[in-house]
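S.K.: Need the 3D shape of this:
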Amino acid sequence: MIQFKLTTMVFIFTLFATTIFAQDNVKQEFEVKVITSVESIIPDGLGRSRLISANDKRDYKQFTSSQTKDDNTRNKSKRKDIRVKGFEETKLLNFYNIAGIRFQNIAANDAVISSKLTTMISEGWDLIFVTSAVESDAGADDGNGIFITRYIFKRKLN
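M.R.: Predicted structure coming up:
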């Protein structure tokens, strides 16, 4: 009986130790994708609203410089090299029309955005973070404004 308990304890310890060390050696590889909705809050329906998704890839390291006390050289990247020409653009409706705020437009945008998010989830993407911001009317002379939301996804690389 003592031998059985000792053998069982050794087995459990070995299983536990193997599991811990195996997890340290396995590195998960993920990719991240950002989808951005830009919804106009410009009066009279004059703005443009879109759901944007980049198809082209960029390596941020090409456009990044590290500055120190001894070396404060700026990154000399050209805007044309950073710019993405391959992207998906889905038309959304503006929050306002000539009559004012248009709730049907907001509901329509919700339906289109929900469709995009559902498709991404069905393709194996996990929605991990959502952030939004508003730049709105800053007074009588400012007729500009947008409502922007970023949906951040991740999925395991195959």
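
S.K.: Give the helix, strand or coil label for residue 104.
M.R.: Look at residue 104: counting by DSSP: H, G, I helix; E, B strand; the rest coil, its state is helix.

S.K.: likewise the one 10 residues further on?
M.R.: The assignment at residue 114 comes out as helix when based on three-state DSSP.

S.K.: Use 56 as the first number for this chain going forward.
M.R.: In the new count, where the first residue is 56, that last one comes out as residue 169.

S.K.: What number of residues are in the vicinity of residue 105?
M.R.: Summarising burial for residue 105: neighbours were counted as other CB atoms under 10 Å, giving 16. The way it works is simple: take the backbone N, C-alpha and C, and place the C-beta from them, glycine included.

S.K.: got it, and residue 101?
M.R.: Taking other CB under 10 Å as the neighbour definition, residue 101 ends up with a count of 13.

S.K.: what's the spacing between it and residue 167?
M.R.: Taken as CB to CB, to the nearest Å, the spacing of residue 101 relative to residue 167 amounts to 20 Å.
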